[in-house]
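Novice: need the 3D shape of this:
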Amino acid sequence: MELEALLNYPRALPAMPRAVSDLLAEMNKEDPSPRRVGELIGRDPALTTRVLRLSNSAFFRVSRKIGSADEAVALLGMTHVRSLVMAAALGGSFKSVPGIDLKQFWRYSLQAADIAKSLAGLLHQNQGNAFTAGLIHAIGILVMHIAMPDRMEPLDFSTPPLDLNRAAAERATLGYTYAEVGAGMAEKWQFPEEMVSALANQFSPFEGESYDPLAGLLHLASWRARAQELQLDDNGLAATFPDMVGLTLGLDLDSVLGKDPSEWSFSQALGAFVS
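Specialist: Numbering: from 1, shown residues only. Now for the predicted structure:
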């Protein structure tokens, strides 16, 4: 299936719920209203339930139980609420995908989002955009499996969905990757242009005339999250570390080995990058 046909395949691209569209429009404003965001979440009972379940999970480590959308906004802040809304919307849209272990997929996606957010903080980039982009960076994999299960089955057998070489295998087989699919979906959902560009460029953020810092964060975050799912040891990390992207961002192999991503440190090259 050609990329354009895939993006227009009715069942592969779930419609963005109206409540989520309104929320994204509010949160994309220069000065979004927390009260308005809480009100919009509260209008959709299913969305409210999923947001509260996620906000009370161990992932966010809140000090007390959150009982309403307003409390979630007040305690977690707009950055995390935006991510919660996206996680709730996507989790509700993709209930069953042929050939995909959704529990593993969302665990991996949340880990990539968390790493991207940590990197964005170190690089003085927008952490909310980084987290959301990390959360949805591989969503194209789900769309491809829904629209083309027969094409995906042999590909999954030879190169599983979270394999480090998955994108190369997709390009060799289909002529495009889940990155282009995810970017196309984000564009149809009217995500910020910065995020659409980052999704599209996540495999080659600094090649040719491209210089996309958010895409660079996604590249590193997805590599480290996949390495964690594959349980790579230090030798495996050293063999697969994306040197050019890491060095462009000011991150070298020595600052990665044996450390949790939240402890990664950046070199002096970082100064020129963020200035």
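
Novice: I'd like to know how far residue 178 sits from residue 90.
Specialist: Counting by C-beta to C-beta, to the nearest Å, the separation of residue 178 from residue 90 is 14 Å. C-beta here means a position set from N, CA and C on the backbone, and glycine is covered the same way.

Novice: again, but for residue 47
Specialist: 12 Å.

Novice: do residue 230 as well
Specialist: 23 Å.

Novice: which of those two has more neighbours?
Specialist: Neighbours were counted for residue 230 and for residue 90 using other C-beta atoms under 10 Å; residue 90 has more, 19 against 13.

Novice: where do the helices of the stretch 1-150 of the chain begin and end?
Specialist: Along the stretch 1-150 of the chain, the stretches classed as helices by DSSP state H, counting those that start in this stretch are 3-7, 18-27, 34-42, 45-55, 69-93, 102-122, 127-136, 139-147, 149-158.

Novice: quick check: buried residues in the fourth one?
Specialist: What that stands for is helix 45-55. Residues 47-48, 50-52, 54-55 are the ones in helix 45-55 that count as buried (16 or more other C-beta atoms under 10 Å).

Novice: of those residues, closest to residue 244?
Specialist: residue 54 (35.3 Å; C-beta to C-beta).

Novice: for residue 19, see how far away residue 47 is.
Specialist: For residue 47, the distance to residue 19 equals 5 Å [C-beta to C-beta].

Novice: can you list residues touching both of these two?
Specialist: Counting by C-beta atoms under 8 Å, 6 or more residues apart in numbering, the common neighbours of residue 47 and residue 19 are residue 41.

Novice: how about residue 169, nearest residue that isn't a chain neighbour?
Specialist: Spatially, and ignoring its direct neighbours in sequence, residue 169 is nearest to residue 159 (4.0 Å; C-beta to C-beta, 6 or more residues apart in numbering).

Novice: apologies, that question was intended for residue 152.
Specialist: residue 145 (4.9 Å).

Novice: can you pull the contacts of the one you found?
Specialist: Residue 145 neighbours (C-beta under 8 Å, 6+ apart): 97-100, 152.

Novice: please spell out the PyMOL selection for the buried subset of these.
Specialist: Only the buried entries of these go into this PyMOL selection, using 16+ other C-beta under 10 Å:
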select buried, resi 97+99+100+152
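
Novice: what is the neighbour count of the closest residue to residue 109 other than its chain neighbours?
Specialist: Leaving aside its sequence neighbours, residue 109 sits nearest to residue 135 (C-beta to C-beta, 6+ apart; 5.5 Å). Residues within reach of residue 135, counting by other C-beta under 10 Å, total 23.

Novice: from residue 42, how far off is residue 135?
Specialist: Separation of residue 135 from residue 42 (C-beta to C-beta) stands at 22 Å.

Novice: contacts for stretch 85-105, please.
Specialist: Stretch 85-105 is contacted from outside by 14, 16-17, 20, 23-24, 27, 41, 46-47, 50-51, 54, 106, 110, 132, 135-136, 138-139, 141-142, 145-146, 149, 152-153, 156, 161-162, 229, using C-beta under 8 Å, 6+ apart.

Novice: return the set of buried residues in that stretch.
Specialist: For stretch 85-105, burial by neighbour count (16+ other C-beta under 10 Å) applies to 85-90, 94, 97, 99-100, 105.

Novice: now residue 131: how far from residue 87?
Specialist: Taking C-beta to C-beta as the measure, residue 131 falls 10 Å from residue 87.

Novice: any regions of this protein where pLDDT drops low?
Specialist: 12-16, 58-60, 88, 91-92, 255-275 (pLDDT under 70).

Novice: the residue nearest to residue 109 reaches residue 111, doesn't it?
Specialist: No. Assessed by C-beta atoms under 8 Å, residue 135 is found out of contact with residue 111, at 10.0 Å.

Novice: nearest residue to residue 158 other than its sequence neighbours?
Specialist: In space, and not counting its chain neighbours, residue 158 is closest to residue 169: 6.9 Å by C-beta to C-beta, 6+ apart.

Novice: and the one you found, what element?
Specialist: Using DSSP states H and E, residue 169 sits in helix 166-174.
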